Structure formats: C-alpha cells, structure tokens
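[1] I'd like to go over a predicted model; first the sequence, then the structure.
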Amino acid sequence: MSEIDRRRLPRFSNDAAARLKTVAARAGRVAGEDADGAVKAARPARTDYLAVKAALQERLLDEIGERGLLENDGADVAAAVQDFAARAIASEDIALNDAERVRLAEELTDETIGMGPLAPLLADPAVSDILVNAPDQVYVERFGRLERTAVRFRDAEHIVRVIERIAARVGRRIDTASPMADLRLPDGSRVNATLPPVTIDGPTLSIRRFGRRRLRRDDLLNIGTFSPEILEFLVIAVRARKNILISGGTGAGKSTLLGVLAEAIPETERIVTIEDTAELSLDQEHVVRMETRPINIEGRGRISARDLLVNALRMRPDRIIVGEVRGAEALDMLQALNTGHDGGIGTIHANSTRDALSRLETMVLMAGIELPSRAVREQIVSAIHLLVHVRRYDDGVRRIESVAEITGLEGLTPQMQELFAFRRRGKQGRRVVGHFTGTGVIPRMVDELREEGIQVPAALFQRTEEADL
C-alpha cells in the first residue's frame, strides 16, 4: 500500500491502537523494547489469531454503535466491517497472511451482523434445531437425533450479544426487564432466547431451522410423510373448502404440512395468515401475512392472535390460515368457520386426533365466556371437518399417523371415523418399518362432494398391505 493510500485510511484512536498492539505483543507479533527503550529486532512469532480477533471485535462493536449502523441494512454494516478490517490490518501493522485477512473480515462480519460461532451450523442443511445451553454446550438435531457440537462461545456475554443482535434486527429488545423473546431470523427460522434470572445458569438460545427452500408435496411424498392416496384426498378436501385442523407434538412437522396443503388453494383466492412468528411461505400471490406482537417494556402494545383474527374477518378473506391455535382465539376461529369463512386450515399441539378436540374445547373456555360444554362441542363438530395428526417417529421421519373425519355429536361426545392410518410393524436398524393404509371407511363428505361435481375415487380408502416404507 502506498504512503498516500495509507494516509487516506482513518486512524484508530491512541487508546484503541494501544490496546490492539498490546494484544499483538502478547501474541508475539510486536517487537519488544530493551531496558534502554530502544526497539530491538525480533523474529515475528505466530499471531494469536483468536486474541487479535477478540480485540478487534470489541473495538468494532463500539465503532458500529457510535455510527448508529446496528439498525441499518446488512449490506451497510458488512461494508463498514470490511472497511474496519482493512484499516485494522493496514494501520496497526498486524501481520496476517492473505487467507487470514479474508477469514478475519468474514468472521468479523458474522460476529457483527450474523450469528457468530453458529454461522457454520446455520449453513448446514442437515441441522434442524440449534440449542445453546451454555458457552461450551451447543447441541444440534440432525435427522431426528440430538448431538453435541464443538462450537464454542467465548463466554455468556458473547451469547447475549448474539441474542441482542438478532433482537435489534427485528426491532425487538431483550434485557433483564424482559428476559424472554420469540424472534425470527431473516430466513424464517424461529428463535427463542432467555436471559437470567429466567434461566438461572445463564443465557440460552434455541433456533428452530427451516430449509433454504420450502418442502413441497413431492418432497414429503418422497420422504414418506404420507402416501399418494392420502395426498390426493387432502388436496381434494382443501380445494372443496373443507376445514382442516392439523395436530401433533413439537417438531412433528405441522407447519410444513400446513404449507403443503396450502399449495392446493386456488391462485384466485385471497389468503390471510395469522401466526405468532411468521414462518409460512405460500406460493400464492394474494396473501396477507399477520403476526402477533408481545407487550413492550412499558407493558403496552400487545397484539394477540385473537385481535388479528377479529381484524382478519374485516379484510374480506377467502381463506383464513391460523399458524397455531394456542389460546382464546380458538373461539373466534370456530365462529368464523361457522359463519361462512370455510376452507380454513390451522394447527394445534396434541398427542392424537381425540386429544386435539379436547384441547380445542379447553382453549375456547380460555376466552372467558361461560358456555356449556355441549354448546362448545357443537361449535367444534360443526366447524372442523377433518383432523390430520402428524408424528415424528424414532427414525426422525415425520409421518401422518392418522386422518379422521368428524361426523357429529352423540350425547356430549364428538364422533369421528378414521379414514387413513400409518401401521407400524417394527424397525430395521434406525428405520421405522410400516405402511400407510386406508381403513375402508368412505367419508360422509364424499356424497356432498359428488353433488358439487367433485369425484372422489372410492379406491383411495381401501385397506392396503403395501410394501414396508
């Protein structure tokens, strides 16, 4: 670099330069001085790369904060980091080879606008969950199994900085006054973060990852999530505007299946989605996405799923999709589905199709309106046509375990009939062995569909003894 070019580079403050040189000196890169104060020549030792990067990171965060760039677009911050790295290397005479300089700039960028040590895990398509319990305890889930990684944070404060960076990018805040937060990464991945005193041993970070591209019906068919017969029937039901509730446990694939079923919604219809953390990515063009908002630090500003659902009814929706029913919004959803807003799809946490109905009833009662059990159950059986239960099996594969049709109310008991099921036979190594089959029961809705000119092949529901999946 020429002397003119060197003069053009902004210089660090004397204090910053002194700190940086101290780190480099400890790493053996800065010449020492003899007792008389004269600089004596010394052969450079190997640079302590991590120590230099840590010192630069501290100064970089100060500079980025002073310039007010943390809220800016990622490209602006990346450019500032690149400029900072160039000034640090050129101005302070830190001897790094070309590869280390490139690596330094990339890692400083990741630390500033990215996920720091977690960047390699986020780039791994096989990782579905990332769980940070402590600076030296980072776990991932690959193919349905948890495993510990070699990824490390420097300390608890390092984890907090990553959490704060994520929160700042989405206009949220997390601190000791509000020590819990549900956030979202740019790729749609869900993030849950906690700080002490909620988690007494230190900050934690849980990331539920989504693939770089949304899984489609053909992908799930190839994976073995459902059979062609189940897929064909569910597509017919969606197009016929039947109301469908997808149940399953955490990580069972409910949202993924919801996205696949939404593919069958005609392009001409207006879709309104309601989610706690927006993660659905639909193919249709006419989609309005709505997201709840928690209370702010003043204790105000909360927007609940119930508020959004009531507002959605005024937006002339053809379809209302509720990402997850988890509270009092269940009552408003049932009322909407019973008053002409058919064709809705939603998900609910439950262990079976029968449990899903019980949970839905409990959530209706959370609305604070005293209704007799029979009235609530009548609303449920009138609003919901199909229940689809998804389960993540031991081998990590998410499969539709049961598809059931609600047929009515007998006394106080909702009646349903199973149409499809996954019959498990055992295991071969890690792989669960079994097959999908119809139960031989023809749904009651088939007659209604035929009256509307929609043909449903009876062969879809026949019992099968196919090859193991």
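    Here it is on my side, so go on.
[2] from here on, just use CA atoms for contacts and neighbour counts.
    Noted.
[3] let me see the domain layout of the protein.
    Domain ranges of the chain: 3-113, 118-208, 217-461, per automatic domain parsing.
[4] what's the least confident stretch among those?
    Between those, the lowest average pLDDT goes to domain 3-113, which shows a mean of 56.
[5] residues in contact with stretch 276-288?
    Residues from elsewhere that reach stretch 276-288 (CA atoms under 8 Å, 6 or more residues apart in numbering): 182-184, 188-190, 214, 255, 259, 262-263, 266-273, 289-293, 305, 323-324.
[6] report the buried members of the residues you listed.
    Taking 16 or more other CA atoms under 10 Å as the criterion, what is buried in these is 182-184, 188-190, 255, 259, 262-263, 270-273, 289-293, 305, 323-324.
[7] of those, which belong to helices?
    255, 259, 262, 305 (DSSP state H).
[8] farthest-separated two in the residues you listed?
    Using CA to CA, these span at most 19.9 Å, a distance reached by 262 and 305.
[9] can I get the ones in helices among the buried ones among the contacts of stretch 276-288 in TSV including distance to residue 174?
    TSV is the format used below for those (distance: CA to CA, whole Å):
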residue	distance to residue 174
255	26
259	30
262	34
305	22
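[10] which of those lies closest to residue 220?
    Using CA to CA, residue 259 is the member of these that sits closest to residue 220, with 11.2 Å.
[11] can you pull the contacts of the closest one?
    Here residue 259 is in contact with 216, 280, 281, 282 (CA under 8 Å, 6+ apart).
[12] farthest-separated two in those residues?
    216 and 280 (12.4 Å).
[13] okay, these two: which has more neighbours?
    Taking other CA atoms under 10 Å, residue 216 and residue 280 do not tie; residue 280 has more neighbours (19 against 14).
[14] now that one: how far from residue 299?
    28 Å (CA to CA, to the nearest Å).
[15] for residue 270, same thing?
    Distance, residue 270 to residue 299, using CA to CA: 34 Å.
[16] how about residue 210?
    Counting by CA to CA - residue 210 and residue 299 are separated by 32 Å.
[17] quick one, which of these two is more surrounded?
    residue 210 (19 against 8).
[18] before we move on, what SS does that one have?
    With DSSP: H, G, I helix; E, B strand; the rest coil as the basis, residue 210 sits in coil.
[19] contacts only, for it.
    Per CA under 8 Å, 6+ apart, neighbours of residue 210: 128, 187, 188, 189.
[20] how close does residue 228 sit to residue 350?
    25 Å.
[21] more neighbours: which of those two?
    Higher neighbour count among residue 228 and residue 350: residue 350, with 20 against 16, using other CA under 10 Å.
[22] nearest residue to residue 181 other than its sequence neighbours?
    Nearest residue to residue 181, sequence neighbours excluded (CA to CA, 6 or more residues apart in numbering): residue 193, at 5.4 Å.
[23] in the helix or strand that contains residue 382, which residues are buried?
    Assessed by DSSP states H and E, residue 382 sits inside helix 373-383. Buried residues in helix 373-383, counted by 16+ other CA under 10 Å: 376, 377, 379, 380, 381, 382, 383.
[24] what's the answer for stretch 428-444, then?
    Counting neighbours by 16+ other CA under 10 Å, stretch 428-444 gives 432, 433, 434, 435, 436, 437, 438, 439, 440, 442, 443 as buried.
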